[in-house]
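Enquirer: Okay, sequence plus prediction incoming.
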Amino acid sequence: MVGSYEESILRGRMSSLPSRPLDFLAQIGVLGLGKCPPALRCPRHVALSFKAFFYHYPATGHGRTRTDDGPSPYVGAIDLETGLLPRSGGGGSGGGGGAYRIPEKGQIQIIIKNQIKTAVKLFLVPYDLAGMEPGSKTFVRQRSYSAGVMDSQATTTTTTTNPLSATTERPTLRYLVHLNICCPARGRYYLHKDIRVVFANRVPDGNERLRTETTFPEPRFSPYKPATATANIATERDRERERSLLRRRSSGSTTVVGCVGHDLDDNSHGGWDDDSCSSATAARRHV
């Protein structure tokens, strides 16, 4: 491995070869918090297919414990740039790629489904982009580690370990999601590039205790310089969106029109469909 285990598996820099790619589906949505446009309070999900794979570890050795043996978690990248390309106009060929608009503060929801459309993981990632200036970018990373086994005989939650391996036992990465966020204009925030995910190859044991952490880079924000063509396309779309919105308000129409990437106007439908809600419920039962 190169560097830490987390970075190695996230970037595909493992010492062993990956497995055959497997097909998964990601449903991406966001719940806006605080003051945000009505369209971003609870917009529709987008569904994107992606490939994921795993690694086979060698036999116990090199500081690993027996609990580390076996296949790694699945790892994959959800491509937003190509998966959310604009469907209308000439913008899609300008190199801008796709993006998913989010409010300044909220909670991102990502449901991972397998080939038979069964939810296998639900990521809920809270974030707050207060202070993010136009022309900047950041990321949010949420990770969950196995923190041992809960002792069902005790009245409080404790962590038990094998005495024979107490000196070498360490937390094991089970889940991780890495979100890239940019702010090309004031008050406009987008998930862009890709979403990298790591998720367990099995349902966690009911007695397994997970420790979840959410981290940001330091410094929090850094310069973001999109391609000139991309910036021009986004500006023109914003203008067209405003013109279209004024026309619809004048006529009383509430037709949904897409903007940059997956960006709904203020009069668009703000509810989650029944399938998304049922998927979220199923994910909570399985995770």
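Expert: The structure has been received and is ready for your questions. Numbers count the residues shown, from 1 in each chain.
Enquirer: can you tell me the distance between the two ends of stretch 20-40?
Expert: One end of stretch 20-40 sits 38 Å from the other (C-alpha to C-alpha, to the nearest Å).
Enquirer: can you give me the helices for the stretch 1-150 of the chain?
Expert: All helices of the stretch 1-150 of the chain, identified by DSSP state H, counting those that start in this stretch, fall at 5-10, 80-83.
Enquirer: So which elements touch the first one?
Expert: Judged by 3 or more C-beta pairs under 8 Å, 6 or more residues apart in numbering; DSSP states H and E, the packing partners of helix 5-10 are strand 172-185, strand 188-199. For every residue, glycine as well, the C-beta is placed using N, CA and C.
Enquirer: Packed most tightly, which of those strands would that be?
Expert: Comparing those by mean neighbour count (mean count of other C-beta atoms under 10 Å), strand 188-199 comes out on top with a mean of 22.
Enquirer: May I have that one as CSV, with CA atoms only?
Expert: This file holds the C-alpha atoms of strand 188-199, laid out as CSV (Å, rounded to 0.1, in the frame of the first residue of the first chain):
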residue,chain,number,x,y,z
ARG,A,188,-24.5,28.6,-5.5
TYR,A,189,-22.9,25.3,-4.2
TYR,A,190,-22.5,22.1,-6.1
LEU,A,191,-21.4,18.5,-5.7
HIS,A,192,-19.0,18.1,-8.6
LYS,A,193,-16.4,15.8,-10.1
ASP,A,194,-17.2,12.5,-8.4
ILE,A,195,-18.3,10.9,-5.2
ARG,A,196,-15.9,8.2,-3.8
VAL,A,197,-17.5,5.6,-1.7
VAL,A,198,-16.2,2.6,0.4
PHE,A,199,-18.8,0.3,1.8
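Enquirer: helices or strands next to the helix or strand that it is followed by in the packing?
Expert: Once the chain leaves strand 188-199, the next helix or strand it forms, by DSSP states H and E, is strand 208-215. Contacts defined by 3+ C-beta pairs under 8 Å, 6+ apart place strand 208-215 against strand 119-128, strand 136-150.
Enquirer: which one of these has the lowest average pLDDT?
Expert: Note on the helices and strands packed on strand 208-215: lowest mean pLDDT is at strand 136-150, with a mean of 87.
Enquirer: what angle do that strand and strand 208-215 make?
Expert: 160 degrees (axes from the mean of the first three to the mean of the last three C-alpha atoms, to 10 degrees).
Enquirer: now the angle from strand 136-150 to strand 119-128?
Expert: Using the same axes, to 10 degrees: strand 136-150 against strand 119-128 is 130 degrees.
Enquirer: Strand 136-150: partners in the sheet, and parallel or antiparallel?
Expert: Paired with strand 136-150 in the same sheet, following DSSP bridges, are strand 159-160 (antiparallel), strand 172-185 (antiparallel), strand 208-215 (antiparallel), strand 222-223 (antiparallel).
Enquirer: For C36, which of these is the nearest?
Expert: strand 172-185 (14.3 Å; C-beta to C-beta).
Enquirer: Buried residues in stretch 131-145, which are they?
Expert: For stretch 131-145, the neighbour count (16 or more other C-beta atoms under 10 Å) marks 132, 135-145 as buried.
Enquirer: ok, for S16, nearest residue in space, not its chain neighbours?
Expert: With sequence-adjacent residues excluded and distances taken as C-beta to C-beta, 6 or more residues apart in numbering, S16 is closest to Y55, at 4.9 Å.
Enquirer: The one you found: how many residues sit nearby?
Expert: Y55: 19 surrounding residues under other C-beta atoms under 10 Å.
Enquirer: That one pairs with what?
Expert: Bridge pairing for Y55 - DSSP bridges - gives P18.
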